[in-house]
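Chemist: with the input below, show me the fold.
(one chain, ligands or ions: 1)
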Amino acid sequence: MDDRASTAPVIRAMTSKDLDRIVEIDSKVLGKSRPEYWEMKLELVEKRSPIASLVAEVDGKVAGFIIGDASGWEYGVPENIGWIDTIGVDPDVQRKGVARELFGEMVTNLKKVGVAKIYTFADWRAWGLLQFLDAMGFERGDMINLELKV
Ligand SMILES: CC(C)(COP(=O)(O)OP(=O)(O)OC[C@H]1O[C@@H](n2cnc3c(N)ncnc32)[C@H](O)[C@@H]1OP(=O)(O)O)[C@@H](O)C(=O)NCCC(=O)NCCS
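Modeler: So this is what the prediction gives:
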């Protein structure tokens with residue numbers, strides 16, 4: 001069995017019970033723990049589309065997550081835009097296809113509700129993330145990012 005087969009992830013909808021493991025993964029990825037931030041985030045996730053916020057389990061343990069949404073889904077009339085808010089995979093299981101599976105499932109789900117284009121933001125210094133997004137087919141879009149320091 002190769003490395004990928006032995007870690008084939010199971011993708012399922014994210015729930016508030018995933019909080020501790022998501023906090024743990026986030027802290028491994030970013031080097032700081034943000035439990036309050038994630039508690040608030042998961043409350044919002046439960047109000048959003050259940051089809052675009054997913055976790056991946058590897059050997060029964062949450063190994064990665066993706067949080068996305070489709071605009072307008074809550075009114076039952078989805079527009080055709082989806083977006084990725086955040087994605088994270090436990091460094092212990094990175095480069096084994098976990099994020100690819102999460103992203104693939106999210107795209108499949110979003111397409112079913114009419115999404116035709118997906119947006120995301122990425123820090124230009126986050127090379128690994130940018131390379132992942134590039135590998136998933138993302139291109140520079142027509143929108144530009146503006147910011148004002150106040
Ligand atoms: C970006 C990230 C989600 C990728 O997860 P992953 O499960 O390791 O990605 P995959 O194994 O599915 O990679 C799919 C493809 O993307 C590309 N890729 C992924 N990570 C890469 C990296 N670090 N460098 C170069 N290419 C990369 C590769 O083409 C890869 O295919 P390959 O392994 O066959 O070459 C993961 O590195 C991560 O969580 N990074 C931190 C993101 C972050 O800061 N999130 C916010 C806080 S949680």
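
Chemist: that's a helix at I25, yeah?
Modeler: Yes. Checked against DSSP: H, G, I helix; E, B strand; the rest coil, I25 lies within a helix.

Chemist: where does the residue positioned nearest the centre of the chain land on pLDDT?
Modeler: For the chain, the residue sitting closest to the mean C-alpha position, by C-alpha atoms, centre = their mean, is I66 at 1.9 Å. Here, the pLDDT recorded for I66 equals 98.

Chemist: helix/strand/coil for it?
Modeler: Going by three-state DSSP: I66 is strand.

Chemist: wait, it sits on T86?
Modeler: Yes. In this structure, I66 is within contact of T86 by C-beta atoms under 8 Å, at 7.5 Å. No exception for glycine: its C-beta is placed from N, CA and C like everyone else's.

Chemist: what is the longest helix of this structure by residue count?
Modeler: helix 98-112 (DSSP state H).

Chemist: now the helices for this structure?
Modeler: Per DSSP H, the chain carries helices over the ranges 3-6, 19-30, 35-47, 98-112, 127-135.

Chemist: for T108, give its distance to G64.
Modeler: Noted for T108: a distance of 17 Å to G64, by C-beta to C-beta, to the nearest Å.

Chemist: cool, and D26?
Modeler: For D26, the distance to G64 (C-beta to C-beta) stands at 11 Å.

Chemist: ok, now I81?
Modeler: 24 Å.

Chemist: who's more crowded, those two?
Modeler: Shown here are I81 and G64; by other C-beta atoms under 10 Å, G64 has more neighbours (26 against 16).

Chemist: and stretch 138-148 with the ligand, contact?
Modeler: No. Judged by C-beta under 6 Å from any ligand atom, stretch 138-148 stays clear of the ligand, getting no closer than 10.9 Å.

Chemist: give me the residues contacting that stretch.
Modeler: Contacts with stretch 138-148, where a contact means C-beta atoms under 8 Å, 6 or more residues apart in numbering, come from I118, Y119, T120, F121.

Chemist: burial measure for A122, as a count.
Modeler: Using other C-beta under 10 Å, A122 is surrounded by 15 other residues.

Chemist: contacting residues around it?
Modeler: Per C-beta under 8 Å, 6+ apart, neighbours of A122: L129, L130, L133.

Chemist: and for W124, the neighbour number?
Modeler: Counted by other C-beta under 10 Å, the residues lying close to W124 total 8.
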